[in-house]
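A.B. asks: let's see this in three dimensions:
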Amino acid sequence: MDQRRVDRRLTDRGVSSVQFLLASALSLVLFLAFANVVVVQYGRGAMRSALDQGARAGAISGSSADCEVRAGDVIGQLLGGRMSDGMTIVCAVSGDVMVARGEGVFETWTPLAPDFAVTLVSEAALEPWP
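C.D. replies: Just a heads-up that it's a prediction; the model follows:
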């Protein structure tokens, strides 16, 4: 048997490239998961803002329809596209308070991770008529 061939098979050459490939893939998946969490937090903030503005608009007019229209407009401006497609916003008057409730699901970008379900509620006191 040729000694050079045996020595070549027993060396560590090429092992570092496999390790680099695995580390790169893992870091890419972790970066993607982190970016997805950041985008979901932005979506939650946009939904919170839309519910707050919708509840305020409904509290001023006393109409739940105005609340839903305003909240829908704000969601369309801040998110739009696929992120806002699965969201539902329902407004109702409860006593002397306008309640805006929003639910939605943000899809995950990473494999084997569950989608992000979001449920938020915002309230505003109804304005008295003069």
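
A.B. asks: for the top helix by length along the chain, packing partners?
C.D. replies: Secondary structure assigned by DSSP state H gives helix 15-61 as the longest helix of the chain. Applying 3 or more CB pairs under 8 Å, 6 or more residues apart in numbering; DSSP states H and E, we find helix 15-61 packed against helix 64-78, strand 88-94, strand 97-106, strand 116-125. C-beta: built from backbone N, CA, C; applies to glycine.

A.B. asks: buried deepest among those, which one?
C.D. replies: The highest mean neighbour count among those, using mean count of other CB atoms under 10 Å, belongs to strand 97-106: a mean of 20.

A.B. asks: contact partners for the residue nearest the centre of the chain?
C.D. replies: Nearest to the geometric centre of the chain sits Val40, at 2.1 Å (CA atoms, centre = their mean). For Val40, the contact set (CB atoms under 8 Å, 6 or more residues apart in numbering) comprises Phe106, Phe116, Val118.

A.B. asks: repeat the analysis, applying 6 Å as the threshold.
C.D. replies: Shown in contact with Val40 (CB atoms under 6 Å, 6 or more residues apart in numbering): Phe106, Phe116.

A.B. asks: what's the answer for Arg101, then?
C.D. replies: Neighbours of Arg101 in contact, by CB under 6 Å, 6+ apart: Val90, Val121.
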